[in-house]
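>>> Got a sequence here, can you model it:
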Amino acid sequence: MPRSATDLHTAAPHQGLLQLHLATLLFGGTALFSRLLPLNALDITMIRAAIAAVALALLVKASRKPIRLKSLRDYGIAILLGVLVGLHWVTYFGAMQLSSVAIGMIAFFCYPVMTVLIEPLLHGDKPAIRDIVSGLVVLFGVYLLIPEASLGNKVTLGIILGILSAMLFTARNLLHKYRFSGYSGSHAMFYQTLVAALMLLPFLEVNPAQLSANIWWLFLLLGVVFTAMPHALFTSALGHLKAKTVGLVACLQPFYGALLAYLFLDEKLQLTTLIGGTLIVATALFETAQSHRSKNALK
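Coordinates of the predicted model:
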């Protein structure tokens with residue numbers, strides 16, 4: 001028997017939640033390729049971006065929406081977004097190649113707190129005391145991750161790159177929110193991955209023609225399954241779930257990434273990493289919940 005409209009309405013949030021968790025799991029899984037692919041961070045990013053751009057272009061075409069942007073100004077914003085995404089991905093993979101998947105992802109996940117500290121400044125407001133305290137908690141969490149205060153230590157350098165990646169991601173998200181939010185996730189990411197690939201192409205060190213079939217299969221997995229697919233799932237989930245739910249589930253990304261690294265790379269967490277990571281991710285969860293509560297109070 002066909003399902004009633006009530007049944008379909010009830011099933012939609014459950015479907016959206018499943019899509020969201022799968023997207024978050026896949027986003028966390030991208031970190032594995034920093035170790036699985038025997039290439040530097042820039043080469044991984046360039047080839048990933050190129051494959052993802054092709055896959056996302058096909059997704060946009062399949063949706064029967066025009067691939068062109070609405071104005072010349074939007075093309076300029078798309079270029080800037082692509083530059084930020086490209087640099088974010090290079091530093092993201094570099095952070096994990098220097099340290100570990102878990103540490104690189106945890107350092108990167110400073111970005112939710114960076115966002116709540118920086119976004120009020122765009123409106124001429126000061127950050128709330130609560131958000132400043134959250135920032136201090138995150139700083140303490142990062143401090144627990146650092147093995148020694150020396151740039152000669154690879155793990156320390158990895159943490160610095162992870163924080164830089166978070167800064168770039170924060171800038172990208174705020175620019176997208178205030179200047180590019182009129183486009184779907186797949187449409188927006190097509191242009192960003194295309195620009196990132198073109199920007200990094202002149203610096204490519206590896207000859208793609210010399211890569212083995214196994215490496216190309218890994219790149220196809222990274223570009224299609226772990227990049228294009230989660231963006232499509234994420235966009236679909238947004239249509240069924242509240243923004244607060246999306247933000248809170250997205251904060252599970254470091255957990256998923258660390259779990260996958262443990263299962264597939266045998267990476268184990270030290271106690272200080274576990275404590276520091278818990279502080280950072282818990283603060284990200286708190287700030288995400290508080291930001292959406294504040295928005296609801298203003299309605």
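>>> Which residue comes closest to F140 once chain neighbours are left out?
The spatially closest residue to F140, leaving aside those adjacent along the chain, is L279, at 6.4 Å (Cβ to Cβ, 6 or more residues apart in numbering). No exception for glycine: its C-beta is placed from N, CA and C like everyone else's.
>>> element containing that neighbour, please.
helix 271-298 (DSSP states H and E).
>>> could you list every residue that touches the closest residue to T91 other than its chain neighbours?
Using Cβ to Cβ, 6+ apart and skipping residues adjacent in sequence, the residue nearest T91 is S165, 3.9 Å away. Counting by Cβ atoms under 8 Å, 6 or more residues apart in numbering, S165 makes contact with 88-89, 91-92, 95, 107-108.
>>> try M167
111, 114.
>>> How about Y143, nearest residue that isn't a chain neighbour?
The nearest residue in space to Y143 (Cβ to Cβ, 6+ apart) is G276, at 7.3 Å.
>>> Return the residues in contact with that neighbour.
106, 140-145.
>>> Tally up the residues packed near L252, please.
Counted with other Cβ atoms under 10 Å, the neighbours of L252 add up to 19.
>>> who touches it in this structure?
21, 24, 28.
>>> Just the buried residues of these.
Among the contacts of L252, those buried by neighbour count (16 or more other Cβ atoms under 10 Å) are 24, 28.
>>> Pick out whichever of the contacts of L252 sits closest to D125.
T24 (30.2 Å; Cβ to Cβ).
>>> that older thread, what confidence value was assigned to the residue nearest to F140?
L279 carries a pLDDT score of 89 in this model.
>>> Among the contacts of G276, which one has the most neighbours?
In the contacts of G276, the most neighbours by other Cβ under 10 Å go to I106, 32 neighbours.
>>> Check which helices and strands the helix or strand hosting that residue is in contact with.
Assigned by DSSP H and E, I106 belongs to helix 101-108. The elements that helix 101-108 packs onto, with contact taken as 3 or more Cβ pairs under 8 Å, 6 or more residues apart in numbering; DSSP states H and E, are helix 33-36, helix 72-98, helix 129-145, helix 154-179, helix 253-265, helix 271-298.
>>> Out of the ones you listed, the one nearest G247 is which?
Of all the helices and strands packed on helix 101-108, helix 271-298 comes closest under Cβ to Cβ, at 4.0 Å.
>>> still on that earlier bit, now, which of the contacts of S165 sits nearest T45?
Lowest distance from T45 to these (Cβ to Cβ) belongs to W89, with 4.3 Å.
>>> Does the residue lying closest to the closest one once chain neighbours are set aside belong to a helix, a strand or coil?
Residue nearest to W89 in three dimensions, not counting chain neighbours: T45, with 4.3 Å by Cβ to Cβ, 6+ apart. What DSSP: H, G, I helix; E, B strand; the rest coil gives for T45 is helix.
>>> Contact partners for T45?
Neighbouring residues of T45 by Cβ under 8 Å, 6+ apart: 86, 89-90, 93, 196, 200.
>>> of those, closest to M229?
Using Cβ to Cβ, the contacts of T45 come closest to M229 at W89, 16.6 Å.
>>> need the contact list for the closest one.
W89 is in contact with 41, 45, 48-49, 165, 196, counting by Cβ under 8 Å, 6+ apart.
>>> what's the angle between the helix holding I106 and helix 253-265?
160 degrees (axes from the mean of the first three to the mean of the last three Cα atoms, to 10 degrees).
>>> what's the angle between helix 101-108 and helix 154-179?
Using the same axes, to 10 degrees: helix 101-108 against helix 154-179 is 50 degrees.
>>> tell me how far the helix or strand of the chain with the lowest mean pLDDT is from the chain's mean position?
When the helices and strands of the chain are scored by mean pLDDT, DSSP states H and E, helix 243-250 comes last with a mean of 71. Centroid separation for helix 243-250 versus its chain: 13 Å, with Cα atoms, centre = their mean, to the nearest Å.
>>> what angle sits between that helix and helix 271-298?
170 degrees.
>>> in helix 243-250, what's buried?
245-250.
>>> ok, so of those, who is nearest E119?
The nearest one, if we look at these relative to E119 and count by Cβ to Cβ, is G247, at 13.4 Å.
>>> where are the low-confidence patches of the stretch 101-250 of the chain?
235, 238-239, 242-244 (pLDDT under 70).
>>> now stretch 91-107, how far from the centre of its chain.
13 Å.
>>> ends of that stretch, how far apart?
11 Å (Cα to Cα, to the nearest Å).
>>> Pull the residues that contact that stretch.
Counting by Cβ under 8 Å, 6+ apart, 28, 31-35, 40-41, 44-45, 108, 141-142, 145, 154-155, 157-159, 161-166, 168, 253-254, 257-258, 260-261, 265, 267, 269, 273, 276-277, 280-281 sit against stretch 91-107.
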